[in-house]
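> I'll drop the sequence and a predicted model, then ask my questions.
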Amino acid sequence: MKWLINSWYKPQPIRWLLSPFSALYRFVIALRKQCYRKGIFKQHPVAVPVIIVGNISVGGTGKTPFVVWLAQQLQQQGFKPGIISRGYGGKAEYYPLEVNKDSDPTIVGDEPILIARQTSSPMVVSPIRIEAAEYLLKHHDCDVIISDDGLQHYALARNIEIVIVDAERQFGNQCCLPAGPLREPLSRLQNVDFIVYNGKTTHPSHSFNMTLSAELAVNLSDTSISKSLNEFNGQEVHAVAGIGNPKRFFNQLNTFNIDVIPHEFNDHHPFQENDIHFDDNKTVLMTEKDAVKCQHLASRNMWYIPIEASVSGNLDQLIIQKLSGNNPNG
């Protein structure tokens, strides 16, 4: 599977062999979208505005830190956001299922717990997003719902669509699955409300830039202990990442002059003891998302790196204007 993903971002002849399957894929998603437009498939509205935070490409783009940022911005403006998610990686026996900071990641998934911890907003997971949204409104006083992912989940009506793009990898070879990384054609971007590029790029006009900053490391076995990432300057460490784009994490550590021994895993990897315990006494650094699943495996030499998102421009105000029924484009 890894070879296929790599082929999406480098010139590979396999692209041409898979092109017929991509054409079929595009036909199916176009037909599905038409069925929703014509009412053959029903789109379900809910009683409050819905904001979709998604992407059009496979793999991690930074949706989770953006969802946290957005929930915090809305809370500061007096809104009461609730958050829904697929709960990918979790194996719950029933849905919808409410998530709190102490939930089991093997049941609800890793990202929902991270969001619940950082926002204190009510959080519900379900593969059927409309069920999660209705559960939120039934059990919590929410006046806006943020959907973590779900851009292609058209059964849930939405008021605002925000697409997050990895500024480094962007859209690869710009082909749809399986020849490329796109879940929908690039033309889909013409119909969304806002586009946010995660990372440094000369992004197109009418889009925004998100920066993920990291300054501290928090001890995995005792979260009351933290220290500056600068204290690891010049050290050789094991860096563990089971996220959509692990190299982004490794490169971030390199900016602190940390000598990284990389350990790359698939997104939502179910970590075992031998994944993060090594034969030496070197420090182990990991993402906060991975730390959610590694708490029970912790030792004193393990640290996770919280990240904080900041977004350029006045995106928060534009979103609030749309929620208030005002058109930010005049």
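Nice, thanks for sending it over. Residues are numbered from 1 along each chain as shown.

> In contact with Pro204: list those residues for me.
When contacts are counted by C-beta atoms under 8 Å, 6 or more residues apart in numbering, Pro204 touches Ile195. All C-beta spots, glycine's among them, are computed from the backbone N, C-alpha and C.

> List phi and psi for the closest residue in space to Pro306 that isn't next to it in sequence.
The spatial neighbour of Pro306 that comes closest, neighbours along the chain excluded (C-beta to C-beta, 6 or more residues apart in numbering), is Glu288 at 5.0 Å. Torsion angles at Glu288 (phi, psi; degrees, to the nearest 10) stand at phi -70, psi -30.

> Test for you: state the pLDDT assigned to Glu288.
If you check Glu288, the pLDDT there is 96.

> I'd like the distance between it and Ser310.
Glu288 sits 17 Å away from Ser310, going by C-beta to C-beta, to the nearest Å.

> Show me which of these two is the more surrounded one.
Counted by other C-beta atoms under 10 Å, Glu288 and Ser310 do not tie: Glu288 has more neighbours, with 18 against 11.

> burial count for the closest residue to Gln77 other than its chain neighbours?
Using C-beta to C-beta, 6+ apart and skipping residues adjacent in sequence, the residue nearest Gln77 is Ile320, 5.8 Å away. Ile320 has 18 neighbours, counted by other C-beta under 10 Å.

> where along the chain do the helices fall?
2-9, 14-37, 63-76, 105-108, 110-119, 129-139, 246-254, 273-276, 288-294, 315-323 (DSSP state H).

> Now do the fifth one and helix 63-76, the angle between them.
Spelled out, it's helix 110-119. Helix 110-119 and helix 63-76 are oriented at 30 degrees to each other (axes from the mean of the first three to the mean of the last three C-alpha atoms, to 10 degrees).

> again with the second one
Using the same axes, to 10 degrees, the interaxial angle of helix 14-37 with respect to helix 63-76 works out to 30 degrees.

> thinking again about what came up before, now the residue nearest to Pro306: how far from Cys176?
Here the criterion is C-beta to C-beta. By it, Glu288 lies 32 Å from Cys176.

> cool, Asp280 as well?
Taken as C-beta to C-beta, the span from Asp280 to Cys176 is 44 Å.

> quick one: which of those two has more around it?
Cys176 (23 against 9).

> what's across from that one in the sheet?
Leu182 (DSSP bridges).

> Which residue ranges make up each domain of this structure?
44-210+310-323, 215-306 (automatic domain parsing).

> hey, which of these is tucked in deepest?
Of the domains of the chain, the one with the most neighbours on average (mean count of other C-beta atoms under 10 Å) is domain 44-210+310-323, at a mean of 19.

> End to end on it, go ahead and measure it.
End-to-end distance of domain 44-210+310-323 (C-alpha to C-alpha, to the nearest Å): 18 Å.

> what sits against Gln272?
Leu297.

> could you measure it against Ala241, distance?
15 Å.

> can you give me the strands for the stretch 151-300 of the chain?
160-166, 194-198, 208-213, 216-219, 226-228, 236-241, 259-264, 284-287 (DSSP state E, counting those that start in this stretch).

> I'd like the mean pLDDT over the second one, please.
Mean pLDDT, strand 194-198: 95.

> Could you spell out the sheet neighbours of it, each with its direction?
By DSSP bridges, strand 194-198 pairs with strand 160-166 (parallel), strand 208-213 (parallel).

> so which of these comes closest to Ile83?
Relative to Ile83, the nearest member of these by C-beta to C-beta is strand 160-166, separated by 13.6 Å.

> so how far is the closest one off the chain centroid?
Distance of strand 160-166 from the chain centroid (C-alpha atoms, centre = their mean, to the nearest Å) equals 10 Å.

> Please list the outside residues in contact with that strand.
Here strand 160-166 makes contact (C-beta under 8 Å, 6+ apart) with 49-57, 59-63, 66, 70, 151, 171, 189, 191-199, 210, 245, 248, 319, 322-323.

> same deal with stretch 210-219?
Here stretch 210-219 has contacts from 62, 65-66, 69, 164, 196-199, 225-229, 231-232, 252, 285, 288, 291, 300, 302-312, using C-beta under 8 Å, 6+ apart.

> now stretch 183-196
With contact meaning C-beta under 8 Å, 6+ apart, stretch 183-196 is reached by 26, 29, 55-58, 66, 151-152, 160-165, 171, 174, 176-177, 203-204, 206-210, 311, 315, 318-319, 322.
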